[in-house]
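# What follows is a predicted structure for the sequence shown.
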Protein chains: 2
Amino acid sequence: MSLTSAATLATLDKTGPRRITELAAAEGVTQPAMTVLVRVMEEAGLVERTGDPSDKRVTLVCLTEAGASYVRTRRQAGVDAYARLIDELPGDEVEALAAALPALRHLAELESHAREGADR
Amino acid sequence: MSLTSAATLATLDKTGPRRITELAAAEGVTQPAMTVLVRVMEEAGLVERTGDPSDKRVTLVCLTEAGASYVRTRRQAGVDAYARLIDELPGDEVEALAAALPALRHLAELESHAREGADR
DNA sequence: GGAGATGCATAAGGGATTTATATAAGTCTG
DNA sequence: CAGACTTATATAAATCCCTTATGCATCTCC
């Protein structure tokens, strides 16, 4: 599964159904790339396409139950892997990490904004 | 320049000349991929191949001056970009980040060891 | 109601990587 | 010390994921 596919599933999980164009912009790929990705993920049973009744041009993409469970499994695996690593750190370092969490979150947010500016 | 190329240059900068197979393992790609990468970087003037006199099968890859300067420039650009972001954080968050640096370094080291184990 | 804008799909091409295989050099064994 | 394995790299073909270019259907607006 490509990195972009995984990121797209995560985005769908976070924000609910999206149109193809929105997903492409969110993941920083072109619309044709996202069209193909969605087809592949649909064939894998991870997402479904549903037409938008108010605009027959758009196809809304939403997670299937299998897709949602895939996202959860993958996220949990990541969390577990990091938890195992953090368990090996001395206690004072764990505390320092915890204390830095707001700063790290803030930094990630600044970075994503900077990336938006650069991409367009 | 591909991500793997940049990582390979950084590895060469950190650890000195390496053989193709070592570089491939270090970057997590196959040997033929690294062979091609090295040829491209050689044509770009960033690395040089030198035979190992004690084993005529191996080709040692080392950074040229241009390659080393490329690595330094790129690294500095990254440092600058992060510095700009960190400048926007409130002072207490900067302090928290600084306090967490040893933990982050330690975590990165644990992670790279874990990755070694998983890849083989 | 027709012109332009918008959303998606398809086609063709390129870059980076993979597997499979070839070639050459080293190592070891009887 | 000769042949059989092993190791280091190279080459070839195929694959994956992405791009640009383009087509088609639908919407919007005067």
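Noted; the coordinates are in hand. Numbers count the residues shown, from 1 in each chain, chains lettered A, B, ... in the order given.
# close to DNA strand C, is the longest strand along chain A?
Identified as the longest strand of chain A according to DSSP state E is strand A:55-63. Yes: Strand A:55-63 lies within reach of DNA strand C by C-beta under 7 Å from any atom of the strand, at A:55, A:57, A:58, A:59, A:60. (Each C-beta comes from the backbone N, C-alpha and C, glycine too.)
# contacting residues for residue A:102?
Contact analysis of residue A:102 by C-beta atoms under 8 Å, 6 or more residues apart in numbering or on different chains lists B:93, B:96.
# Whatever helix or strand it lives in near DNA strand D at all?
Using DSSP states H and E, residue A:102 maps to helix A:91-119. No: Helix A:91-119 lies apart from DNA strand D when judged by C-beta under 7 Å from any atom of the strand; the minimum separation is 10.0 Å.
# for that helix, the distance to its chain's centre please.
Centroid separation for helix A:91-119 versus its chain: 17 Å, with C-alpha atoms, centre = their mean, to the nearest Å.
# which bits of chain A sit near chain B?
Listed as neighbours of chain B in chain A under the rule C-beta under 8 Å from any C-beta of the partner chain: A:81, A:84-86, A:88-89, A:93-94, A:96-97, A:99-100, A:102-104, A:106-107, A:110-111, A:114.
# Now the buried members of these.
A:85, A:86, A:89, A:93, A:96, A:97, A:99, A:100, A:103, A:106, A:107, A:110 (16 or more other C-beta atoms under 10 Å in any protein chain shown).
# So, low pLDDT: which residues of chain A?
For chain A, the stretches flagged by pLDDT under 70 are A:116-120.
# repeat that with 50
Applying pLDDT under 50 to chain A flags residues A:120.
# That one against DNA strand C: which residues are in contact?
A:19-22, A:31-32, A:35-36, A:38-39, A:49, A:55, A:57-60.
# for those, which one is nearest residue A:6?
Nearest to residue A:6 among these, counting by C-beta to C-beta, is residue A:38 at 13.7 Å.
# For residue A:57, see how far away that closest one is.
15 Å (C-beta to C-beta, to the nearest Å).
# More neighbours: the two, which one.
residue A:38 (21 against 7; other C-beta atoms under 10 Å in any protein chain shown).
# isn't the more buried one right up against residue A:47?
Yes: counting by C-beta atoms under 8 Å, residue A:38 does reach residue A:47; the two are 6.3 Å apart.
# can you list residues touching both of these two?
Common contact partners of residue A:38 and residue A:47 (C-beta under 8 Å, 6+ apart): residue A:61.
# ok, residues contacting stretch A:105-119?
The contact list for stretch A:105-119 (C-beta under 8 Å, 6+ apart) reads A:28, B:81, B:85, B:86, B:88, B:89, B:93, B:97.
# quick one: which of these sit in helices?
B:81, B:85, B:86, B:93, B:97 (DSSP state H).
# Closest one of those residues to chain A?
When the ones in helices among the contacts of stretch A:105-119 are ranked by distance to chain A (C-beta to the nearest C-beta), residue B:93 comes first, at 3.6 Å.
# Which residue, other than its chain neighbours, is closest to the closest one?
Take residue B:93 and drop its neighbours on the chain: the residue closest to it by C-beta to C-beta, 6 or more residues apart in numbering or on different chains is residue A:103, 3.6 Å away.
# Same check on residue A:99?
Closest to residue A:99 by C-beta to C-beta, 6+ apart is residue B:96, at 5.0 Å.
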